[in-house]
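Visitor: got a predicted model here, sequence first, then my questions.
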Amino acid sequence: MSMANVELGLPNDSDLEQKAHQYDDQQARHGSNSNIGTDASEGLLTMEDCINKVGFGRFQYRLVLICGFLIAADAMELMMLSFLAPSVQCEWGLSDIEVSSLTTVTFVGMMFGSYFFGALADKYGRWLAMAIDCLFTFVFAIISAASVNFGMLAFCRAMVGFGIGGFGISWNYYLEFIPTAHRGRWSCVLLAWWSLGALVEAGIAWLVLPSIGWRWLLAISSAPLIFVFFGLFYLPESARYLLVEGRVADAWNVLESVGQENGNPIPYRSRIKPIAKMELGPLEVLKTIFSEQWIHLTVNLWMLWFANAFCYYGLVIMVTVLQYTEGNDHFCDRDRIFGDNQFLQIFIATAAEFPGLLLAAFVVDRVGRKASQGGFFAGSGVLVAMLIPLNGMTNIDLVILFGARMLITGAFTVTWLYTPEAYPTNIRTTAFGFANAFARIGGAVSPFVAQDLLDEGLAWLAEAIIAAMCIFAGIAALMLPIETAGKQMAAVSAAM
């Protein structure tokens, strides 16, 4: 055994062999544990067996807290754009195209960042990629708060977007520690942090914008990233990643630690069932996900991610624009761009995400991932279509937007869960990054529909486009080739 393993306190081969014999003797005397799956031919535990055995406990609660803060930070940075745009437009006299481009450059940055950090996580590990990502994003978020002109702000927000693009790593990392029976329900719990972040951001904007301005809003919104960075030092590397990389002893050490913390120590074997290490670069991953085995899944998922982001951010922007453009005067001529009543309505519309998450948690394991997504998309599309004959921001509009926001949040939640479940460990974060990149394209396009068309008095056209996209996505969801509910997460692609 290497000196590195001695320093880490990892078991050596003789220790594991001795403990394996002890375990076998116990099994012979008392019978096998029917709750533990093993490879019958080799007598080895698979990774999924180990994750299910260590169960759900204290470790996962800490995991959901730290990863949850990163998901919340993602939502805060993106929700903040809705308040940033009109504020800098009034201060610097920006055109409508320049204002829309602030959101667009953020999503373009996210598109490249999701690919870059996904590949980094598959190559060098989930932990290192998340740590680098947090620091990178925080630095540019603070610099953007000190921007002196539009060009500097646009560049910094593009860099922030590049960092945000990598936040999806935390999602894959989180799911790689969740037992099979808990994945559906606890994925919704993690994504509740997204809705919490969006709601908190609306509250911070309500308090900060009228008093100390948009620069402080940007600075305060980046604060959760510091908590996440230091919190990462209380989390290990993904055991699934370590196993795929051939670091079997390291993977065992992580699982043993998690099991002890949860009060469910895993039984000793000589080693976990090994997996052949396969070095794959981004181009090889891209080739794999477009192979005959994966192409149907990949194309459908990319369409779903695009539609999710386009419709979700379109509704977010639409709610905000309808508020600050309400009235006959120009919003820059007012003492405050947003009044208390307008902030309240934005706050209420944002709160719609919580019942959407609860609904997703209720149906995702009962009716499956495909039917859940299809139903949520279709329902959201019908509600948005109901806005077309209405004129202006009324209480009826608010109720309809509340329902549409609730259902699109449910759709997004299930898509986030389904994607890493569908791809194997050795390509999971890179494949997820490619899919996530299409969400960023959808987000980049959305302000030119939800903001510019509303500014030009064409709300009906924006609503029709978003409704059609939701219906289209619902059909694509039902055409997904596999159902992942209740199934194990694969380790290595069989298509290579």
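Guide: Looks like it came in fine.

Visitor: which SSE is immediately downstream of whichever strand or helix holds Trp416?
Guide: Here Trp416 sits within helix 395-422, counting by DSSP states H and E. Where DSSP H and E defines the elements, the next helix or strand beyond helix 395-422 is helix 425-450.

Visitor: what angle do that following helix and helix 395-422 make?
Guide: The directions of helix 425-450 and helix 395-422 differ by 160 degrees, with axes from the mean of the first three to the mean of the last three C-alpha atoms, to 10 degrees as the criterion.

Visitor: starting at the chain centroid, how far to helix 425-450?
Guide: In terms of C-alpha atoms, centre = their mean, to the nearest Å, the centre of helix 425-450 is set 10 Å apart from its chain centre.

Visitor: now the residue lying closest to Leu199 once chain neighbours are set aside: how far from Lys273?
Guide: In space, and not counting its chain neighbours, Leu199 is closest to Thr350: 5.1 Å by C-beta to C-beta, 6 or more residues apart in numbering. The way it works is simple: take the backbone N, C-alpha and C, and place the C-beta from them, glycine included. In this view, Thr350 and Lys273 are 46 Å apart by C-beta to C-beta, to the nearest Å.

Visitor: the more surrounded of the two?
Guide: Taking other C-beta atoms under 10 Å, Thr350 and Lys273 do not tie; Thr350 has more neighbours (27 against 19).

Visitor: which elements pack onto the helix or strand hosting that one?
Guide: Following DSSP H and E, one finds Thr350 within helix 340-351. Packing partners of helix 340-351 (3 or more C-beta pairs under 8 Å, 6 or more residues apart in numbering; DSSP states H and E): helix 183-208, helix 295-324, helix 395-422.

Visitor: any chance of those in JSON lines, plus mean pLDDT, mean neighbour count and distance to Ser114?
Guide: Shown next, in JSON lines, are the helices and strands packed on helix 340-351 (pLDDT from 0 to 100; neighbours: other C-beta atoms under 10 Å; distance: least, C-beta to C-beta, whole Å):
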{"stretch": "helix 183-208", "mean pLDDT": "85", "mean neighbour count": "21", "distance to Ser114": "16"}
{"stretch": "helix 295-324", "mean pLDDT": "85", "mean neighbour count": "24", "distance to Ser114": "10"}
{"stretch": "helix 395-422", "mean pLDDT": "87", "mean neighbour count": "24", "distance to Ser114": "12"}
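
Visitor: out of those helices, flag the one nearest Gly443.
Guide: The minimum distance between Gly443 and the helices and strands packed on helix 340-351 falls on helix 295-324, with 4.2 Å, by C-beta to C-beta.

Visitor: for Tyr234, find the nearest of the helices and strands packed on helix 340-351.
Guide: helix 183-208 (17.0 Å).

Visitor: just the element for the residue nearest to Asp397 when sequence neighbours are not counted, please.
Guide: Of all residues not flanking Asp397 in the chain, Leu390 sits nearest, at 5.7 Å (C-beta to C-beta, 6+ apart). If you go by DSSP H and E, Leu390 is not part of any helix or strand.

Visitor: Leu390: what's it in contact with?
Guide: Shown in contact with Leu390 (C-beta atoms under 8 Å, 6 or more residues apart in numbering): 396-397, 400.

Visitor: please identify which of those is nearest to Val228.
Guide: Taking C-beta to C-beta as the measure, Val228 lies nearest Ile400 of these, at 35.5 Å.

Visitor: for the closest one, which residues are in contact?
Guide: By C-beta under 8 Å, 6+ apart, the residues touching Ile400 are 383-384, 386-387, 390.

Visitor: may I see the ChimeraX selection of the buried members of those residues?
Guide: Only the buried entries of the contacts of Ile400 go into this ChimeraX selection, using 16 or more other C-beta atoms under 10 Å:
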select :383,384,386,387
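
Visitor: of the contacts of Leu390, closest to Gly263?
Guide: Once C-beta to C-beta is applied, the member of these that ends up nearest Gly263 is Ile400, at 47.9 Å.

Visitor: between whichever strand or helix holds Gly379 and helix 395-422, how many degrees?
Guide: According to DSSP H and E, Gly379 maps onto helix 369-385. Angle, helix 369-385 to helix 395-422, by the same axes, to 10 degrees: 160 degrees.

Visitor: my read is that Leu462 contacts Val449, right?
Guide: That one is not Leu; residue 462 is Ala. Yes - counting by C-beta atoms under 8 Å, Val449 is a contact partner of Ala462 at 5.1 Å.

Visitor: which residues do those two both contact?
Guide: With C-beta under 8 Å, 6+ apart, Ala462 and Val449 have common neighbours Gly314.

Visitor: show me what contacts Ala75?
Guide: 193-198, 201.

Visitor: kindly apply the preceding question to Leu453 instead.
Guide: Taking C-beta under 8 Å, 6+ apart, one finds 459, 461-462 in contact with Leu453.

Visitor: are any of those residues buried, and which?
Guide: By neighbour count, with 16+ other C-beta under 10 Å, these hold 459, 462 as buried.

Visitor: for the contacts of Ala75, which one is nearest Pro481?
Guide: Of the contacts of Ala75, the one sitting nearest to Pro481 (C-beta to C-beta) turns out to be Trp194, at 27.2 Å.

Visitor: relative orientation of the helix holding Gly379 and helix 183-208 in degrees?
Guide: Regarding helix 369-385 and helix 183-208, their directions subtend 30 degrees when assessed with the same axes, to 10 degrees.

Visitor: what's next to helix 369-385, contact-wise?
Guide: Contacts for helix 369-385 (C-beta under 8 Å, 6+ apart): 304, 307, 311, 315, 356, 360, 363-364, 367, 400, 403-404, 407-408, 410-411, 414-415, 417-418, 421, 463-464, 466-471, 473-475, 477-478, 480, 483-485.

Visitor: break down the stretch 51-200 of the chain into its helices, ranges please.
Guide: 58-92, 96-124, 126-145, 150-164, 168-175, 183-208 (DSSP state H, counting those that start in this stretch).

Visitor: so Leu81 touches Thr106, yeah?
Guide: Yes - using C-beta under 8 Å, Leu81 is in contact with Thr106, at 6.3 Å.

Visitor: quick check, central residue of this protein?
Guide: Geometric centre of the chain, nearest residue: Gly168, 4.5 Å, by C-alpha atoms, centre = their mean.

Visitor: what sits against the residue nearest to that residue when sequence neighbours are not counted?
Guide: Closest residue to Gly168 apart from its sequence neighbours, by C-beta to C-beta, 6+ apart: Asn436 at 5.0 Å. Counting by C-beta under 8 Å, 6+ apart, Asn436 touches 110, 114, 118, 165, 168, 305.
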